[in-house]
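>>> Below: sequence and its predicted model.
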Amino acid sequence: ILNVEQSPQSLHVQEGDSTNFTCSFPSSNFYALHWYRWETAKSPEALFVMTLNGDEKKKGRISATLNTKEGYSYLYIKGSQPEDSATYLCAFPNRDDKIIFGKGTRLHILP
Amino acid sequence: DSGVTQTPKHLITATGQRVTLRCSPRSGDLSVYWYQQSLDQGLQFLIQYYNGEERAKGNILERFSAQQFPDLHSELNLSSLELGDSALYFCASSTLTSGGIVAQYFGPGTRLLVL
């Protein structure tokens, strides 16, 4: 059984502070890793698709790194803003096209 | 707006009934995925179709079935509904046959309540 774990489950961060959270996944037979942002009352929105060990991707103040050998990815948010409040999901697709989502990290930005 | 549409937005029905959820993918996307999100659960992958053919199957119950039509829209049929089937059902689409290396675009979801 493949497990995708995200930690922490929930995070409260002061506006302006930077933060990061983790997605752990099986390191064998790695294919790709996805990050999604899911705002309340909306649908998940793709942030990054990562495929190579050592990959680092950036979108504005949000960036992600990937370590396929040890099976983890970090998502970083620099200078958190209220609009960053959301649940951040990672997803682990395998070569059989079955996709496993983590339960997410719920980020709350405090004004 | 992701370009993926789902109808209806909300559905309330009774146990034992059957419902059909509909999804239209983004223009040009050939793959459609269905997910279920229940209370306190993450997104559970149900099934994927690519250009009309079933491509991958996840945790989909035998009471559930899906299909993708020639115009690429997809329907998820849920029958003999139980209280535990109450959930948010998402459809997503992507361009490629293999969902791994490209992002998926999610529809707004259908919230199903079984009473």
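Nice, I can see it.
>>> so where does residue A:37 fall, helix or strand?
Assigned by DSSP states H and E, residue A:37 belongs to strand A:33-38.
>>> Go through the helix or strand just after that strand and flag the buried ones.
Downstream of strand A:33-38, the first helix or strand assigned by DSSP H and E is strand A:45-50. Buried residues in strand A:45-50, counted by 16 or more other C-beta atoms under 10 Å in any protein chain shown: A:46, A:47, A:48, A:49, A:50. Where C-beta positions appear, they are placed from N, C-alpha and C, glycine not excepted.
>>> Strands along chain B, start to end?
Per DSSP state E, chain B carries strands over the ranges B:5-7, B:10-13, B:19-24, B:31-37, B:43-50, B:53-57, B:64-68, B:74-78, B:87-94, B:105-106, B:110-114.
>>> Chain A too?
Counting by DSSP E, the strands of chain A are A:5-7, A:10-14, A:19-24, A:33-38, A:45-50, A:56-59, A:62-67, A:72-77, A:86-93, A:99-101, A:105-110.
>>> Any stretches of chain B with poor pLDDT?
B:96-100 (pLDDT under 70).
>>> and it, which residues reach chain A?
B:2, B:33, B:35, B:41-45, B:48, B:55-58, B:90, B:92, B:97-109 (C-beta under 8 Å from any C-beta of the partner chain).
>>> what's the distance between the most centrally placed residue in chain B and residue B:9?
Geometric centre of chain B, nearest residue: residue B:34, 3.0 Å, by C-alpha atoms, centre = their mean. Separation of residue B:34 from residue B:9 (C-beta to C-beta, to the nearest Å) stands at 16 Å.
>>> Could you do residue B:27 as well?
21 Å.
>>> Same check on residue B:67?
21 Å.
>>> Please identify which of those two sits among more neighbours.
Neighbour comparison, residue B:67 and residue B:9: the larger count goes to residue B:67, with 14 against 9 (by other C-beta atoms under 10 Å in any protein chain shown).
>>> contacting residues around the more buried one?
Contacts for residue B:67 (C-beta atoms under 8 Å, 6 or more residues apart in numbering or on different chains) come out as B:49, B:74, B:75.
>>> what's the closest of the residues you listed to chain A?
residue B:49 (10.5 Å; C-beta to the nearest C-beta).
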